[in-house]
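Engineer: Structure here, sequence nowhere to be found:
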């Protein structure tokens, strides 16, 4: 069942009102859920991999101060590259074909690393010196101090970075829909194709609503995870 | 696999080096790289101009008076809407109202979306910049007999310039990125090569378009960084002393990260 034929059959029967997005969603449930799932994993996977790469990189930038300016300049430079440009530049750099399903997760991982490396370094630097000294005095070795004391204290800063990375990823993934890659962005593509000669809003409105809901859900989950992981912050607030 | 990537890379260099791609050729309706760069910059400059004209005064007044801060939150909420979706929705709504051969039917919705995308970072950073100015500095200025208006324009504004610049720069990058996606419709700009390359399966053109957009964004950001150096007083940026004031840097850093949400 291809996108066009399935959407085309319903065009005859359903309303083109913007509010008809719900019946559009039910009529193309299977296709829309596939897009939604693709969108979920394309938004989340790069952030997870990006965090795993940024933790050691950010630690290096924090621990060896002279590496901070070059690492931050390079990641800042990567962040200035527009997403659609990075999507299409990635394949030749990584030896892929010009349109490859892997190009989007790779490009988004690059963005996540660019954002999170700085966040991890700044988060670790925000740990008070007394806390570090106290942990050392209690006999913590360097690695145990990092994992058991410094990273948990830096967690709120890192969580703030994760929120920015995840929420912006949801928007960026949709852009990949314009070069034919499957995700919620394809709903916009379908909407344009069905909008000649008269406007047909349901898939476009559905795409926007699902993207916003997805971004809000991820944002809420990270805020919740941060609360669960840092119980001492609530203890202080009380 | 790697060989395939290598040949794609060399075909991109060939495409970019081909002199015929640097000239307009009406006979095969091809528009050259310099013309597309100018078109891209024109689209972006119009949107940034309008966004600055709207967001800068509002941000300054909200930061100065401390009132109506909800406006900043409302405008910030726009950021979670995907730019492509907004672009497609407005194009579908507006373009049928423009008949004839002009591309105005796509240009108008594109400019509206570009302005909407540029507003939040400029507004949020202007507000945060004015809000973060040390109250003692403002008190001192008032004590010297400055009126409220003078305090805003001659003390708070110059002091918040670093943050305002970082907001404008992040807005410019997002506008350049989204202007590229506008070529998804029949609109010119560097995105033309990406989407033409995609539809014609001319992958050298597709990737070359990406390279040109990336270079444009980086060069424009560098130019803005130089303008920022000239515009921001050394007393504010801390360039006159060897040690930068650490708290000011940290504050700038955190807001800059917030401002850098890439919606394009």
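Structural biologist: Arrived safely, thanks for sending. Since this is a predicted model, take the numbers as computed values, not measurements.
Engineer: switch to C-alpha atoms for all contacts and neighbour counts from now on
Structural biologist: Will do.
Engineer: Could you pull out the buried residues of stretch B:148-162?
Structural biologist: Of all the residues in stretch B:148-162, those buried under the rule 16 or more other Cα atoms under 10 Å in any protein chain shown are B:151-152, B:155-162.
Engineer: who touches residue A:16 in this structure?
Structural biologist: Contact analysis of residue A:16 by Cα atoms under 8 Å, 6 or more residues apart in numbering or on different chains lists A:199-202.
Engineer: Let me know the next secondary structure element after the longest helix along chain B.
Structural biologist: Ranked by residue count, the top helix of chain B under DSSP state H comes out as helix B:33-65. Note on helix B:33-65: by DSSP states H and E, the next helix or strand toward the C-terminus is helix B:70-77.
Engineer: Okay, angle between that next one and helix B:33-65 too, please.
Structural biologist: 150 degrees (axes from the mean of the first three to the mean of the last three Cα atoms, to 10 degrees).
Engineer: Please state the offset of helix B:70-77 from the chain centre?
Structural biologist: 19 Å (Cα atoms, centre = their mean, to the nearest Å).
Engineer: Check which residues of it are buried.
Structural biologist: In terms of neighbour count (16+ other Cα under 10 Å), helix B:70-77 has its buried residues at B:72, B:75-76.
Engineer: Then stretch A:145-161?
Structural biologist: Those buried within stretch A:145-161 under the rule 16+ other Cα under 10 Å are A:145-146, A:149-161.
Engineer: repeat for stretch B:194-213
Structural biologist: B:194-198, B:203-213.
Engineer: Which of those residues fall within helices?
Structural biologist: Using DSSP H, those in helices are B:194-198, B:203-213.
Engineer: quick one: the longest helix out of those in chain A near chain B?
Structural biologist: If you go by DSSP H, chain A has its longest helix at helix A:29-63. No - residues of helix A:29-63 are not located near chain B by Cα under 8 Å from any Cα of the partner chain, the shortest gap being 12.6 Å.
Engineer: Buried residues in that helix, which are they?
Structural biologist: Those would be A:31-32, A:35-36, A:38-40, A:42-51, A:53-55, A:57-62, for helix A:29-63 by 16+ other Cα under 10 Å.
Engineer: With stretch A:172-192 instead?
Structural biologist: Neighbour counts over stretch A:172-192 (16+ other Cα under 10 Å) mark A:172-179, A:181-192 as buried.
Engineer: just to revisit the earlier point, out of the buried residues of helix B:70-77, who's nearest residue A:132?
Structural biologist: residue B:76 (36.6 Å; Cα to Cα).
Engineer: With adjacent residues omitted, what lies nearest to the closest one?
Structural biologist: In space, residue B:76 comes closest to residue B:120 once its chain neighbours are excluded; the distance is 5.3 Å by Cα to Cα, 6 or more residues apart in numbering or on different chains.
Engineer: secondary structure element for that neighbour?
Structural biologist: Using DSSP H and E, the element containing residue B:120 is helix B:104-131.
Engineer: buried set for the helix or strand that that helix is followed by?
Structural biologist: Following the chain from helix B:104-131 toward its C-terminal end, the next helix or strand by DSSP H and E is helix B:135-143. For helix B:135-143, burial by neighbour count (16+ other Cα under 10 Å) applies to B:138, B:141.
Engineer: what sits up against helix B:135-143?
Structural biologist: B:148, B:151, B:155-156.
Engineer: for stretch B:16-33, the distance to its chain's centre please.
Structural biologist: 27 Å.
Engineer: returning to what we had before: export the contacts of helix B:135-143 as JSON lines, with columns for pLDDT.
Structural biologist: Output for these, formatted as JSON lines (pLDDT from 0 to 100):
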{"residue": "B:148", "pLDDT": "91"}
{"residue": "B:151", "pLDDT": "92"}
{"residue": "B:155", "pLDDT": "92"}
{"residue": "B:156", "pLDDT": "93"}
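Engineer: Low-confidence ranges, chain A, go.
Structural biologist: Within chain A, the stretches with pLDDT under 70 are A:1-14, A:236-238.
Engineer: quick one: the residue sitting furthest away from the middle of it from chain B, how far?
Structural biologist: Checked against the mean C-alpha position of chain A, the extreme residue using Cα atoms, centre = their mean is residue A:137, at a distance of 39.1 Å. Residue A:137 sits 27 Å away from chain B, going by Cα to the nearest Cα, to the nearest Å.
Engineer: how about the helices of chain A, start to end?
Structural biologist: Using DSSP H, helices in chain A cover A:3-11, A:21-27, A:29-63, A:68-80, A:83-94, A:103-125, A:129-137, A:142-145, A:151-176, A:185-194, A:202-229, A:231-237.
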